[in-house]
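Colleague: Got a sequence here, can you model it:
(chains A and B)
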Amino acid sequence: MFALAKQLSHLGVLGINRRNADFVLPYNDRRLYLLADDKLQSKQLALRAGIAVPALYATIEIQRQIRDLSTILAPFPEFVVKPAQGSGGDGIIVVTGRKKAHYRKANGELMTEHEMQHHISNILGGIYSLGGKPDKALIEYLVKFDPVFKDIAYQGVPDIRVIIFLGVPVMAMVRLPTRQSDGKANLHQGAIGAGIDIATGLTNFAVQGNKNVSEHPDTENTVIGIQVPYWDEILNIASNCYELTGMGYQGMDIILDQEKGPLMLELNVRPGLNIQIANRAGLLPRLNLVKENRDALNSTESRVSFAKMHFCSKSFL
Amino acid sequence: MDNKKLYALAAVLILTALAVFSYKILVLKYPLQPQAQTDVWSIEARLRFDAKGKSVKLNMMLPQSGRAHTVVDEQFVSSGYGMNTRKAKDSDNRKVFWSVRRAKGEQVLYYQARVRPAALSKGAQTSEPPPLTENTFTEAQNVAAQTLLSEIRSRSADSETFTVELLKRLNEHYTGVESSEDAVVLLGKRPDLSRKLDVAVQMLALAKLPARIANGIRLQQLARSVNIRQWLEVYYLDQWHAYDPVTAVPKIPEDYLTWWWGNDAFVKLRGGENISSRISVKLNKETAFSGIVERGADRSIVTKFSLMALPVETQVIYHVMLPIPIAVLLLVVLRNVVGIKTFGTFMPVLIALAFRETQLLWGVFMFCFIVAMGLISRFYLDRLKLLLVARLAAIFIIVVLLMAVISILSHKLGLHRGLSIALFPMVILTMTIEHMTIVWEERGAGQALQQAAGSLLVAVLAYPLLSLEFFQNFLFIYTELLLVVLAITLLLGRYTGYRLTELWRFKVLARGVN
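Modeller: Purely as a prediction, here's the structure:
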């Protein structure tokens, strides 16, 4: 057991305690948490900074509005419903179309008007928010995801997670929904996490749960060696995020739209650590390297090129 | 990060705690072993009489603190009677006075108290010598007494040997020796013990020694009815000295409890008849800790400003409250070092507190049963599409009903435990059910059951800490040790190592490299 701990420590694997004590707490001002936790606020912030986000169709803030839900939703053939303060993809419903009075969900299931109302009412009641605080429901543009991932995603929308430390994108992965994860890009539920080489934007390893995989279990296509499109743009958005939020250690979720390119989905104050498994690399050496060089890393360009130079997969494996 | 300040703070906290702790042990001589037991007796005096339908007045002697015992927690069970306790004007006796305007038929009154060994020295010091007993001898008796006294005096060296010799002479007829004529004149033909003591007191008065008759009981293991015993007390060298009147030994056993002095009756009744009294004694073992608490024996400032100075009801609450920090520390370790997942942050500790009421096994069963039933109803309620708050309230009501059903069923089955659930906190159960359904729906049944099991495991581990009397007593006396708990918690707040569960989670990384 101690040998294992020693080995992990030697590899620079970051644990929850150290992440919180040495990175989240010292580098993230507590007042900024709200910004990241509330998707509505982070969306507005990103818009002001010129970062593309999925368009916001409507916000539902009070129970009274639920009665008029069908009128509010009428203009949009497809959309996403999500709680403003949800975490880990909880409470998100993707509507891809309609059938008579029903909404068609991404997995093909139908949902009645009544069920939709109940779901949004739950969101407002705070069922998905941290600590059960009353919440808002956001109605958003449904991303038409880039065909590059079409063959390696089951139903849902794959997204790209980038860990950003002091404005430097230190590690990234793409999360691919599977049948097991019910079309959600959530690693806990069985989605595939594929590490991305920062220098090239190519996927290099993939895991499902704690297992190494090389093919998508549902589509049987390889998930290794896929070039993530718009990679440089993604790195730039990620790097800009530091100035945008002022948080030193954060995770950013990006989604690739067929027409609009990379869109920022949400920010995360305590991004998960499974990204290390997907990349087969520890975060700690990369974080320390950034910390040592932080004085030189004062512009987006310098930070992106620093990341590309140091965080290719070869340099750590 | 600079951890120096934290280490310094932790060191200060620990040193402060240890300083107070060792002061209590080394200087104030607090007991370290909570198992160290002291004897505590419960005594009860029961009075029974028939009232004549008129006003009733009665008084009864009360036991005395002093010598070797302290009387605490006195209680009088006497419904309908006016009651007051008073110290007698002419002696040290304490009495309870009961009165009622009108009473008819059988009357039963009780007096209850607890007696524990006193920390005080042997006898209470009196500043001036007590008065000599008045002489009630006849002329002839006086002459006999003087003769006897001079004989005794010639054979004794001091007050002690004098008293011993006197008692021997008065006891001669017991030992088969022919009583001297003088003794017969003084005592009469067949003297009983109290007559003998009476004579002894008066003769000691003639010898200028204050003396008195003491009445008391012997503290035994268990006795439904104990006899009142009498002995002699003589005052010299600024102290009362007790003598066994039969053996003439200048001391009486430690377990004799003085009840009153003099020849007065134990009970006096007016307005009733057929009075009978019975005194019963029962020995209880008690931990030495509660001993200090009640005695408040030492008057050190540390004791005065401790929890022991609080009223007893408040003390009881602190007995429950003080171990909670230790359970919370355990929770921190299990969550941050081991990595067990639980519902809510402190929910497991609250669940463990709830187990205190029900005992562990029954509590776990109860918890599982109610949460399972609650989950089922929660999933059904989900179909009804209720608003969040109303749904929570509905679960709450269902939980209350479930608890009622359990109590009724277990009562009918003769299981006493089921009744204790009434105090099982419903809010905790309701929140657990709600929390569990959300995790169930969003993260799957596996995660939900894992967290439920984690919460239950932590609660079960925390339970002994909360319910062991050892911890309760120990922390009650040595509350400062909570500063150590605080220091450890602060240090754990900067623990940046892996959690045990993370080792398992990242195992694949270590393997991947090899």
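
Colleague: Strands of the chain, start to end?
Modeller: You didn't say which chain, so I picked chain A. A:56-60, A:79-83, A:93-99, A:102-105, A:110-111, A:137-141, A:159-165, A:168-176, A:192-196, A:203-208, A:211-212, A:249-257, A:261-268 (DSSP state E).

Colleague: if you could check chain B rather than the one you did, that'd help
Modeller: With DSSP E as the criterion, chain B has strands at B:37-52, B:56-62, B:69-77, B:82-87, B:94-100, B:104-117, B:211-218, B:222-223, B:229-236, B:239-243, B:256-261, B:267-270, B:272-287.

Colleague: Which of these sits closest to B:Leu401?
Modeller: Across those, the minimum distance to B:Leu401, taken as CB to CB, is reached by strand B:69-77, at 39.6 Å. Glycine gets a C-beta too; all of them are placed from N, C-alpha and C.

Colleague: related to what we said a few turns ago, now the strands of chain B in CSV, with distance to B:Thr430 and mean neighbour count?
Modeller: CSV is the format used below for the strands of chain B (distance: least, CB to CB, whole Å; neighbours: other CB atoms under 10 Å in any protein chain shown):
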stretch, distance to B:Thr430, mean neighbour count
strand B:37-52, 43, 18
strand B:56-62, 52, 21
strand B:69-77, 40, 16
strand B:82-87, 48, 12
strand B:94-100, 51, 19
strand B:104-117, 42, 17
strand B:211-218, 55, 22
strand B:222-223, 48, 13
strand B:229-236, 62, 20
strand B:239-243, 65, 20
strand B:256-261, 54, 22
strand B:267-270, 58, 16
strand B:272-287, 38, 15
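
Colleague: For A:Leu124, which of those strands is the nearest?
Modeller: strand B:272-287 (55.2 Å).

Colleague: lowest average confidence, helix or strand, in chain B?
Modeller: Least confident element among the helices and strands of chain B, by mean pLDDT, DSSP states H and E: helix B:288-295 (a mean of 53).

Colleague: Domain ranges for the chain, per the record?
Modeller: You didn't say which chain, so I picked chain A. What automatic domain parsing lists as the domains of chain A is A:2-52+A:146-316, A:56-141.

Colleague: ah, I was thinking of chain B
Modeller: According to automatic domain parsing, the ranges for chain B are B:40-119+B:267-289, B:139-261, B:324-467.

Colleague: Of all those, which one comes closest to B:Leu13?
Modeller: Closest approach to B:Leu13 among the domains of chain B (CB to CB): domain B:324-467, 12.7 Å.

Colleague: now the residue in chain B that chain A sits nearest to, nearest residue through space, not along the chain?
Modeller: The nearest approach of chain B to chain A comes at B:Leu388, 2.9 Å away (CB to the nearest CB). Spatial nearest neighbour of B:Leu388, excluding adjacent residues (CB to CB, 6 or more residues apart in numbering or on different chains): A:Gly125 at 2.9 Å.

Colleague: Report all helices and strands that the longest helix along chain B contacts.
Modeller: As assigned by DSSP state H, the longest helix anywhere in chain B is helix B:426-467. On a contact count with 3 or more CB pairs under 8 Å, 6 or more residues apart in numbering or on different chains; DSSP states H and E, helix B:426-467 meets helix B:324-332, helix B:347-358, helix B:360-383, helix B:388-412.

Colleague: now do 10 Å
Modeller: On a contact count with 3 or more CB pairs under 10 Å, 6 or more residues apart in numbering or on different chains; DSSP states H and E, helix B:426-467 meets helix B:312-321, helix B:324-332, helix B:347-358, helix B:360-383, helix B:388-412, helix B:469-477.

Colleague: any chance of those in a markdown table, with mean pLDDT and mean neighbour count too?
Modeller: Output for these, formatted as a markdown table (pLDDT from 0 to 100; neighbours: other CB atoms under 10 Å in any protein chain shown):
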| stretch | mean pLDDT | mean neighbour count |
| --- | --- | --- |
| helix B:312-321 | 73 | 13 |
| helix B:324-332 | 93 | 19 |
| helix B:347-358 | 83 | 22 |
| helix B:360-383 | 85 | 17 |
| helix B:388-412 | 82 | 16 |
| helix B:469-477 | 80 | 20 |
